[in-house]
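Student: pasting the structure only:
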DNA sequence: ACCTAAGCGAGACGGTACGTCAGGTCTTTCG
DNA sequence: CGAAAGACCTGACGTACCGTCTCGCTTAGGT
C-alpha cells in the first residue's frame, strides 16, 4: 500500500518550523475513511464519523483535506494496488480481454461502488474528477495505450486509429453499466464487447 | 410542457373534497428545481432552496414528491423535448451517426451538465438512476434498437449481435467523456467511434 | 413565575400562519438555563448544555435568543419574583433598612451569584446590562424613589437631595461587596451603611 | 513601568542552566495583552490573540502565566501608575474629594473599561477578583483608611465609625455606575456623594 | 571549547463549543 | 378539510480556541 499524494492533498510542507504533522494520524484518517466508504458509501460518510473512528479531532482532518471529496479521493487512492496490470500474451485482443475481465471483477466488488460514488461525487466537484483521472485512470489508460501501440507495430492493428477513442470504445461500456445499472456487468459482456470493437481495429481493414 | 406522472410522482389526487392543489405551485416548483439543477447540480440542490425560489413551503414540496430524487427527475423530464429522434436515411450507420451528433450537441449544453449531475447523484440514490433509466434512457435505447433491428432485417448488420451490447458500445463513450472529462466530447469523436464500432457489426463479417 | 418578554427577546410573533412556537419548549429552555446558571455560572454555561438539558435542538434556542447573554437574561428574569417590595412603616429609614436586609439575604443565595455573573457578563455585552437595568434594577429603584419622595413630603428628608445619587449611595455598597468580595455582605453592614448615609439626608440638616 | 510579581506570576526562575527567559518576549506579551484588553475586553481576549500580536508562541505565554486571568492581571498591573495618591489638604473631606475626582477621570478613560471587564470577568474567575483586590484595590483602600484615621485623630470625624464601611460607602457608587451604566459617572456626582456621606461621619454628630 | 539544559517561535495535536444549514415531520391557520 | 406556512428536533457542518506537545533552533552556564 503506497501513500499517494496527488492533486487532492494540500501542498507538502516545506519542512517549515513547528510540530510536523503526525503521519500516524494521517494514516489513521485515511484508513477510517476507506472503511466507512465501503460500509456506508460516499454520501452517508461524514467527517465527524471519520474523526471519531480515527480517534482524531475534526480540525486535524480539515487541516489536511479541504473537503470530504478530497479526503475520500485520497483514501481511495491510498488503498490502490496494482491489480490491473496487462498480461503479455502476444495478442492485443487477448491482453486486453484478460485485463478487462480483471477490471470487471473489481467493479463488481464494494470497491466498484466506491469508484462509482467517486465519479458521482465528481460531477459536482471538478477536483475529484481530475484527481481520479490523474491518479487512477491515466496510469491504466497509459498501460493500455502501450499494448495498443505494440499491436500496431506488430501489424495486428490498423495504424490510423485514434488510440484514445479506442480505449474509450473498449472501456467506457464497463463504467456505463457500473453507473447506469441498466444491465449487469458480466464477463460475458466483456466478450461481446471485444467481438464488437476489435474487428474495427484490424490490421487488414474492412474488405 | 406536459406534466409527467411517471414512476416519480405520487398518486394523482382523486378530486376529493377540500382545497385543490395549486397547479401554479406545482409548475413553480418544477421550474425552480430545474433552474437550480442547472445552476448548482443535483448534489448542491436543496429542497429548501427550491421552496425558497418557488415561493412555496417545504411541505408543499414533500406532499407531492417524497424525495429530492423524484422531484428532480420530474423537473428534468418536464423540460424534456423530443429532439433525439432517429432519422430514416436507409442506412443504419447514417441514422445512428446523425442521432449521435444531435446527442453530443445536447450533452455539451447546460442540459448535459444536468444529466451528468443526475447520473452522479444517482450513485448514492438508486431511485434517481432507475428513474433516469426508465424515463429518459429506455425510450431512446428502444428507438435505437428498432433502427438496429431494421438494419439486421436489411442484411446491413450481422444477425447474431447482442443489441444491448451494441447500444452500449456506441453510446457509452459519450457518457464516459461527459462524466470523466478526460477528453473533449466533440463531433469528430462521434465519427471516430462509428468507424471503430460499425465494422464489427457488418452483415458480411470479418474476412 | 411570570413570563417576562423584555428587551431581550425577539419580537413576539404577529400571530402569523404556520406552527406556533412551542411554549413548552420555551419554558423548558428557560428552566434549564436557570438551573445551569446556578450550577455552573454564566461563563461555564453553554448553549449546547442548555439544549441538552431542555431536550431541545440548538436551533430552537437560537431561533428565540440571538445570544447566550439574552437567553440567560430572560432565564433570570423569568425566575424573578417580587420579594423585594418595600414595607410602609411610616419611617423612610426603617422602610429602606428592612428592604435592604431582604436584598442582602437574596444576594447571599445562589441567586446572588447569578446576578453577579450577569453584571460580569454585561461588561462585554452592553445589551445584557441594559436588559438587567431595565427589567430588574429600574423597577426597584423606582419603588425606592417613591419611598424617598414620601420621606421628603413628610419632612423626614431634605428636599434638595439628588434621589438617584441617594439610591446609589445606599445600594451600591451591597453590589460592590457582591462583586469585589473584599468583605462579607452581612446584615450588620447594612446597619452601618444606614447609619452613615441617612444623617446626610436629614430634614433638619447639618447644624 | 515596573514588573509586578505578585500573586499572579509563577515563581521566579532559580537562575538555572539553559537559556534564560527573554525579557523582550515578556514585555511584548504584557503590552499586547493590555492593548487587547482595551480593545476587546477580558472575555473576548484570547491567548492566541495575545501570542499573535506579541509575535510569540503560545507555550511562551503558558510557561509564564498559568491562566488567562493571571496574564491579564499582570498586564493590567504593569500598566499601573500611581496617579491615585491622596493629597494632604488638612481636611479629610477635601482630600477624599480631590482623590475621587481623579478616580472618576480615570474610570472614564479606556482604562476604566479595562477595570470594568476585569471585575466582570472576575465574576466567573475568582483568581481575577482576588488579584485585583490584592494588587490594586487594597493599596488604595489602605491609603484612604490612613486619611480617615488622621481625620478621626483630628476630631474631624467620629471615632466610632467602621472604616471599611465608610470606604465602601464613598467609593462603591463610582464602581456601581461604571458597571451598571444606569447613569453617567460625572464629577458632579462625586460632589453629591460627598455631600450625602460626609455628614454621617461628622465629629459632632446629628444634632 | 564542548556539552547540555532550558528557552525560543511555530504549528499540529485531541477536544469542546460555536452558530448555521438542511433534513424530514408536525401543527397551526387560511382558503 | 386539505393546502400552505412555518416551527419542530436532529445531525452534521466548518471554525475558533483551548491547553499540550513536538519540532529545529538559539543561548548561555557548567565542566
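Tutor: Cool, the structure landed. These numbers were taken from a predicted model, which means no experiment stands behind them.
Student: from here on, contacts and neighbour counts on C-alpha atoms
Tutor: Fine.
Student: Just name whatever secondary elements the longest helix anywhere in chain A is in contact with.
Tutor: Secondary structure of chain A per DSSP state H: the longest helix is helix A:23-44. Under the contact criterion of 3 or more CA pairs under 8 Å, 6 or more residues apart in numbering or on different chains; DSSP states H and E, helix A:23-44 touches helix A:47-54, helix A:68-78, helix A:110-122.
Student: quick one: the last one near chain B?
Tutor: The one in question is helix A:110-122. Yes. Residues of helix A:110-122 are located near chain B by CA under 8 Å from any CA of the partner chain, namely A:116, A:117, A:119, A:120, A:121, A:122.
Student: before we move on, the earlier item: please tabulate the helices and strands packed on helix A:23-44 in a markdown table and include mean neighbour count, mean pLDDT and distance to residue A:95 as additional columns.
Tutor: Below are these laid out as a markdown table (neighbours: other CA atoms under 10 Å in any protein chain shown; pLDDT from 0 to 100; distance: least, CA to CA, whole Å):
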| stretch | mean neighbour count | mean pLDDT | distance to residue A:95 |
| --- | --- | --- | --- |
| helix A:47-54 | 18 | 95 | 40 |
| helix A:68-78 | 23 | 92 | 25 |
| helix A:110-122 | 23 | 91 | 22 |
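Student: and those helices as JSON lines, adding distance to DNA strand F?
Tutor: Shown next, in JSON lines, are those (distance: least, CA to the nearest atom of the strand, whole Å):
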{"stretch": "helix A:47-54", "distance to DNA strand F": "4"}
{"stretch": "helix A:68-78", "distance to DNA strand F": "6"}
{"stretch": "helix A:110-122", "distance to DNA strand F": "13"}
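Student: Those into TSV, with extra columns for distance to residue C:54?
Tutor: Output for those, formatted as TSV (distance: least, CA to CA, whole Å):
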stretch	distance to residue C:54
helix A:47-54	24
helix A:68-78	33
helix A:110-122	38
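Student: Mind checking the ones you listed for the one nearest to residue B:41?
Tutor: Of all the helices and strands packed on helix A:23-44, helix A:110-122 sits nearest to residue B:41, with 10.7 Å by CA to CA.
Student: Between helix A:68-78 and that closest one, find me the angle.
Tutor: Here helix A:110-122 runs at an angle of 150 degrees relative to helix A:68-78 (axes from the mean of the first three to the mean of the last three CA atoms, to 10 degrees).
Student: quick one, phi/psi of residue A:86?
Tutor: phi -90, psi 140 (degrees, to the nearest 10).
Student: For DNA strand E, what's its nearest residue on chain A.
Tutor: Nearest to DNA strand E in chain A, going by CA to the nearest atom of the strand, is residue A:18, at a distance of 2.7 Å.
Student: measure that residue to residue C:73 for me?
Tutor: Distance from residue A:18 to residue C:73, counting by CA to CA, to the nearest Å: 43 Å.
Student: likewise residue A:171?
Tutor: Following CA to CA, the distance that separates residue A:171 from residue C:73 is 66 Å.
Student: what do you get for residue A:112?
Tutor: Relative to residue C:73, residue A:112 is positioned 56 Å away (CA to CA).
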